[in-house]
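Enquirer: How does the following fold in three dimensions:
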Amino acid sequence: LVGENPLETDRLWQKMLRSTMYFGRTSVAISAMAAVDLALWDLKGKHFGEPIHRLLGGKRHDQIPAYASILFGNDGVETSEIGRKWVEAGYGAVKFGWEPMGQSEAVDIDLVRGARAGLGDDATLLIDAGCVWDARTALRRAEQFAEYNIAWLEEPLHPQDVDGYCWLRDRSPVPIAAGEGECGRESFRPLIDRHALDVYQVDLSRNGFTEAAYLRQRIEEIGARPCNHFYTSPITAAASIHWLSTCRDAFLFEDCVEDSPIRNELTHERIQAVDGMLQVPDNPGLGVTLNEEVVQRFLIAESK
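Expert: Numbering: from 1, shown residues only. Have a look, this model is predicted:
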């Protein structure tokens, strides 16, 4: 892209795609292209003095409810305490994920029971299984978790099991969410074409604005709901809120609450919910600036 006009984001995306089509399309090449694409859109926004959501066609939401995204505790009791902490911090929704879920039926139910106990009856509870079951086990868990009024069951199956997702969504009493690991439209295409999910989770760091704008349209076309995915990077958080604010059916923003230096110090501006709501920024471009001291601290030195 050296020597190219950085404002021509769509053409440059196609140029990168053409140059990597024999080893990319659905994986790491698309993710690398997404990083470049985010930077180009940030540059474009700063060039025109406009926030990216305006360049994407205009925001439909000034603020979006956020859910605190955090890992499970070691058991139901610890998970309950974690949930209570984030409800007290002002979040009306909390998502718990990954280990130790999947070890046994008893462990799984204990975790979800504890999560609901900590959140109380009114808060929204989201469960991220972390790709641990086959379809039949996932259906049984969906039926068991429905008692605890979960708003979605995320990534119950391995990402490549599109047939399983179609089968599960048709039978599950709770909405099914997935997509965080997908890179680009070709990766998402079988999931969208086959209406495999209720909630499509798009990670801007793996897709960029150019692809995410296309995915927004496809998700709207089939009547599904969009949500962002991110964990720790405030750059991805900023990109996510710009994109999600332009989505007609946006309803929740994933807000990582992990206590990490990358999450909390990488940019001078903090992209985080206040009282459970995330405001959409109107500053030019992404609306964030890198803390170069933190960048230097976490650089991996090139070996000589």
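Enquirer: Could you measure from the residue nearest to D62 when sequence neighbours are not counted over to I235?
Expert: Excluding the flanking residues, the one nearest D62 by CB to CB, 6 or more residues apart in numbering is V280, at 5.7 Å. Glycine gets a C-beta too; all of them are placed from N, C-alpha and C. Between V280 and I235 the computed distance is 16 Å (CB to CB, to the nearest Å).
Enquirer: Scan the protein for its longest strand.
Expert: strand 63-71 (DSSP state E).
Enquirer: just checking, the residue nearest to D62 touches A66?
Expert: No: using CB atoms under 8 Å, V280 is not in contact with A66; the gap is 11.7 Å.
Enquirer: Who has more neighbours out of the two?
Expert: A66 (24 against 19; other CB atoms under 10 Å).
Enquirer: any idea of the mean pLDDT in the strand or helix carrying F145?
Expert: Assigned by DSSP states H and E, F145 belongs to helix 135-145. For helix 135-145, mean pLDDT rounds to 98.
Enquirer: Direction included, what does whichever helix or strand comes after it pair against?
Expert: Scanning forward in sequence from helix 135-145 by DSSP H and E, the next helix or strand is strand 150-154. The strands that strand 150-154 pairs with in its sheet are strand 124-128 (parallel), strand 176-178 (parallel) (by DSSP bridges).
Enquirer: out of those, which comes closest to Q14?
Expert: Proximity to Q14 (CB to CB) singles out strand 176-178 among the strands paired with strand 150-154, at 27.4 Å.
Enquirer: how about the strands paired with strand 150-154 in CSV, adding distance to L197 and mean pLDDT?
Expert: Shown next, in CSV, are these (distance: least, CB to CB, whole Å; pLDDT from 0 to 100):
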stretch, distance to L197, mean pLDDT
strand 124-128, 14, 98
strand 176-178, 5, 98
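Enquirer: Turn these into CSV, including mean neighbour count.
Expert: Listed next are those as CSV, based on neighbours: other CB atoms under 10 Å:
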stretch, mean neighbour count
strand 124-128, 23
strand 176-178, 26
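Enquirer: CSV for those strands, including distance to V94?
Expert: Shown next, in CSV, are the strands paired with strand 150-154 (distance: least, CB to CB, whole Å):
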stretch, distance to V94
strand 124-128, 7
strand 176-178, 15
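Enquirer: For the stretch 201-304 of the chain, which segments count as strands?
Expert: 225-228, 253-256, 277-279 (DSSP state E, counting those that start in this stretch).
Enquirer: if you compare those strands, which one is most tucked away?
Expert: strand 253-256 (a mean of 26; mean count of other CB atoms under 10 Å).
Enquirer: what's in contact with that one?
Expert: 64-69, 91, 95, 201, 227-232, 237, 240-241, 244, 263, 272-273, 278 (CB atoms under 8 Å, 6 or more residues apart in numbering).
Enquirer: And for the following helix or strand past the longest strand of the chain, what's in contact with it?
Expert: Using DSSP H and E, the next helix or strand after strand 63-71 towards the C-terminus is helix 76-88. For helix 76-88, the external contacting residues (CB under 8 Å, 6+ apart) are 68, 70, 72-73, 94, 96, 110-120, 123, 125, 257.
Enquirer: Sheet-wise, list the partners of the following helix or strand past helix 76-88 with their directions.
Expert: Using DSSP H and E, the helix or strand that follows helix 76-88 in sequence is strand 93-97. Strand 93-97 has its sheet partners listed here by DSSP bridges as strand 63-71 (parallel), strand 124-128 (parallel).
Enquirer: and the residue nearest to N283 when sequence neighbours are not counted, bridged to which residues?
Expert: Spatially, and ignoring its direct neighbours in sequence, N283 is nearest to P51 (6.3 Å; CB to CB, 6+ apart). Using DSSP bridges, the beta-bridge partners of P51 come out as G285.
Enquirer: Give the burial count for P51, as a bare number.
Expert: 22.
Enquirer: could you flag which of the contacts of helix 76-88 are buried?
Expert: Buried by 16 or more other CB atoms under 10 Å: 68, 70, 72-73, 94, 96, 110-119, 123, 125, 257, out of these.
Enquirer: Stretch 178-197: which residues count as buried?
Expert: Here stretch 178-197 shows 178-185, 187-188, 191-192, 196-197 as buried, counting by 16+ other CB under 10 Å.
Enquirer: R116 against Y148, yeah?
Expert: Yes: contact criterion CB under 8 Å: R116 and Y148 qualify, at 4.3 Å.
Enquirer: anything in contact with each of those two?
Expert: With CB under 8 Å, 6+ apart as the test, R116 and Y148 both reach L125.
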